[in-house]
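K.L.:
Mind folding the following:
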Amino acid sequence: MSRLASFLLIMFLLSPLPALALTSNWQRDGSVDARLISGLEGVGLKKIIPLALEIKMEPGWHTYWRSPGAAGLPPRLDWTNSETADGNLRGATIFYPAPKRYSDQGLETIGYQSHVIFPIDAELRQAGHAVNIEVTVNLLACSTLCVPKTFDITLKVPSDAAIEGPEADLINPVRAAIPGADEDRAGLSLTNITNGGRSLAFDIAAHNPINEADIFIESNPEIPFSAPKIRLSPDKLTATLIVKPQDIKQDLGALTGTPLMLTIVDEGHALETPVSLPPLEGTPTQDGPPLSLRMALLLAIAGGFILNLMPCVLPVLSLKILGVIGHGGGTAAIVRRSFVTTAAGILFSFVMLAAMTIALKKLGLTIGWGVQFQQPGFLIAVILVLTFFAANMWGLFEIGLPTVIADRLSHHHPKMAGDFATGALATLLATPCSAPFLGTAITFALAAGTAREIFGIFIALGFGMSLPYIAIAAIPELATSLPKPGAWMQRLRILLGIALALTALWLLWVLSAQIEQRYAHTIMFCMIGVVALLGLHATGFARRMAIYGVAGFSVLAIGLAFTGPPPKPAKVEALWQVFDEATIADDVAGGHTVFVDITADWCLTCKVNKKFVLSDNDINQRLLHGNVIPMQGDWTTPDPKITNFLHKFSRFGIPFNVVYGPGAPDGITLPELLSRDAVMQALDRAAKPEGGR
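P.N.:
The predicted model follows:
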């Protein structure tokens, strides 16, 4: 070898070698390629390693941001195989670059076209040790069609020195541009928010002239917004972005205080900042007045009146019937006192419900219409109350109130205490129902109501429910003209007592889905014990009724032991899939119609809908064979996912039914009381491919 050749070889060996790129192999799935890259050549002593997921798509294809808009799904990364001792990964955080808005056949979606890099912070279990990445990436890529993509990617970052590799040049600029709260770095600032009830106005300022500003709003419950209208100042350094909910009926004034995450972008600049929805203000951008308190009160009165006709109140129909018949041949003055007292019991109970609602709201707890039936303690109390009422019907004892109240009432009429308790029980058992008009009024009170408004709405509900009693008090001839009570009344009391006992047993069946079976049996034996103890002091007919009651409860206790509790929330009937909100957008993107039914064992209106509408042969055939995915959510016990889903539609009670489809990606809500025509029309409308891909 010549001296020159030797010299060149030595110089080559001594010269610094270029850094080697540390990347996974490209994975290809149709029109999409994906790989994982590392910004460092080794982990060194670092606890967090900068990685990135790089996605390349053919022209015309796009994927989605973390909040995809009217359709789509965000990327999902499963790191389970890496979160082991060998993998040395404790966890990973993905960051989303500023997205863009796309309009496709009437749907507004949010995401990325052609090429996108998602920076990732990979946290190690042990610094100084290599990390072995095995990640499964699920993407939804869309062009004229949407196609799910799955990539299984592996990458090893060795325990070498933590020096930057060539891929750092790809990762670092993207990471630096990730939307953040630093207004100076973003070059943008949010100066004011105005809530116009039907729209929001965001005032922004910029270091450089504003050209193509956009704003993306994330909220819980989710409120889909349309693209903003932009009002630029003459110097283009300030602008107002006006956005409206896609649901034109959405009342933003009712959502005061709702947390929002804003992402404001403009030509390479991006600001991300959390805010709370401010109180309602009158502005020129408001499209129309929100629901007024006066209208909400009128709806509450109407909804309260309709509660008397709802199946939830049927268990206490026996008390109403007996109350009216018991006054046959009586005097007008006694009828007035009795029915005014029952109305007072209803109003008093609604005031107590309002007070408890306000207390729960101030504590930040979940509130809703009928949610107390999700609580075992409440059910146990109602079961025992109904047992006492049944025993009263059988003549085992007389119902009394606390001494202070009972003495005052009994001074005027010995049966007024029972009348008052009848009104209270009617209210108690009415609360699982969501009657027409009631849902709107309750939403007004629970979503944004002050203490004054909540009390006003609940008192109006109580007034509406007590109207039949007030009517009889005003026209006592409706009761006094009935036949006089006689021996036949005793037989009627037996039947009505059995109706109340069966109601208590139904609630026990609901309770058995929430607690262990042995505890449900304990409550059953308490019911038996109550009737048996009261029967010890009874004589004649009442004693015989106590024996029959104990025997009947005992037989039913044995039956409950063999039949078991109702299905748990995770299980649904063969026709239905378990409710999963996360899959709805994907199902709709695939051309399916999704029918969602939120129900509960304690919701009698839900049972009526099921019996008379959802069991209809034509509807069943449509759900089974009409490209429809029926989903059922069980709210018998508390379920935050279902609660949040209801709140997205400003609903606080059930039954609740909504239909999604290519023609209704945001859902079509159905009335509380279903009808065959309403269901079929919603399915037809949702199935139309007006907004389909």
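K.L.:
quick one, domains of this protein?
P.N.:
27-176, 183-276, 293-563, 577-687 (automatic domain parsing).
K.L.:
Could you dump those into CSV with mean pLDDT added?
P.N.:
As requested, these are exported to CSV (pLDDT from 0 to 100):
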stretch, mean pLDDT
domain 27-176, 91
domain 183-276, 86
domain 293-563, 68
domain 577-687, 84
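K.L.:
now the strands: where do they sit in the stretch 51-200 of the chain?
P.N.:
62-69, 76-78, 89-94, 100-104, 107-113, 115-124, 131-142, 146-157, 188-195, 200-206 (DSSP state E, counting those that start in this stretch).
K.L.:
And the shortest one, what does it pack against?
P.N.:
Just to be clear, that refers to strand 76-78. strand 131-142 (3 or more Cβ pairs under 8 Å, 6 or more residues apart in numbering; DSSP states H and E). Quick note: C-beta positions are derived from backbone N, CA and C, even for glycine.
K.L.:
Kindly report the same for the last one.
P.N.:
Of the remaining helices and strands, those touching strand 200-206 by 3+ Cβ pairs under 8 Å, 6+ apart are strand 188-195, strand 238-243, strand 259-266.
K.L.:
Apply 10 Å and report the result again.
P.N.:
helix 183-186, strand 188-195, strand 214-219, strand 229-232, strand 238-243, strand 259-266, strand 269-276 (3 or more Cβ pairs under 10 Å, 6 or more residues apart in numbering; DSSP states H and E).
K.L.:
now the first one
P.N.:
For strand 62-69, the elements it packs on are strand 100-104, strand 107-113, strand 115-124, strand 131-142, strand 146-157, strand 214-219, strand 259-266, helix 584-589, judged by 3+ Cβ pairs under 10 Å, 6+ apart.
K.L.:
Also the third one?
P.N.:
Under the contact definition 3+ Cβ pairs under 10 Å, 6+ apart, strand 89-94 sits against strand 48-57, strand 76-78, strand 115-124, strand 131-142.
K.L.:
Out of the ones you listed, which gets nearest to Arg185?
P.N.:
Taking Cβ to Cβ, strand 115-124 is the member of the helices and strands packed on strand 89-94 nearest to Arg185, at 15.5 Å.
K.L.:
coming back round to it: now the helices and strands packed on strand 89-94 in TSV, with distance to Pro655?
P.N.:
Conversion of the helices and strands packed on strand 89-94 to TSV gives the following (distance: least, Cβ to Cβ, whole Å):
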stretch	distance to Pro655
strand 48-57	42
strand 76-78	32
strand 115-124	41
strand 131-142	32
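K.L.:
just so I know, which of those lies nearest Arg231?
P.N.:
Of all the helices and strands packed on strand 89-94, strand 115-124 sits nearest to Arg231, with 30.6 Å by Cβ to Cβ.
K.L.:
Pull the distance from the closest one to the chain's centre.
P.N.:
Its chain's average C-alpha position is 32 Å from that of strand 115-124, according to Cα atoms, centre = their mean, to the nearest Å.
K.L.:
now the angle between strand 48-57 and that strand, please.
P.N.:
Strand 115-124 runs at 160 degrees relative to strand 48-57, counting by axes from the mean of the first three to the mean of the last three Cα atoms, to 10 degrees.
K.L.:
Settle this for me: Leu89 is touching Leu77, isn't it.
P.N.:
No: between Leu89 and Leu77 there is no contact under Cβ atoms under 10 Å: 11.6 Å.
K.L.:
For the stretch 451-600 of the chain, which segments are assigned as strands?
P.N.:
577-578, 593-599.
K.L.:
Can you say which of those strands is packed in most?
P.N.:
strand 593-599 (a mean of 25; mean count of other Cβ atoms under 10 Å).
K.L.:
Please pull up the helix or strand immediately following it.
P.N.:
Downstream of strand 593-599, the next assigned helix or strand under DSSP states H and E is helix 604-609.
K.L.:
Give me the helices and strands touching that next one, please.
P.N.:
Applying 3+ Cβ pairs under 10 Å, 6+ apart, one finds that helix 604-609 contacts helix 488-511, strand 593-599, strand 656-661.
K.L.:
what lines up beside whichever helix or strand comes after the last one in the sheet?
P.N.:
I take that to be strand 656-661. Downstream of strand 656-661, the first helix or strand assigned by DSSP H and E is strand 664-669. Sheet pairing of strand 664-669 (DSSP bridges) gives strand 656-661 (antiparallel).
K.L.:
Might you calculate how far the partner strand sits from the centre of the chain?
P.N.:
Relative to the centre of its chain, strand 656-661 is centred 13 Å away, using Cα atoms, centre = their mean.
K.L.:
same check, this time on stretch 83-95
P.N.:
Distance, stretch centre to chain centre, for stretch 83-95: 32 Å (Cα atoms, centre = their mean).
K.L.:
first vs last residue of it, how far apart are they?
P.N.:
19 Å (Cα to Cα, to the nearest Å).
K.L.:
now stretch 620-635
P.N.:
Start-to-end span of stretch 620-635 (Cα to Cα) is 22 Å.
K.L.:
Ala162 is nearest to which of the helices and strands packed on strand 89-94?
P.N.:
Among the helices and strands packed on strand 89-94, strand 48-57 sits nearest to Ala162 (Cβ to Cβ), with 8.0 Å.
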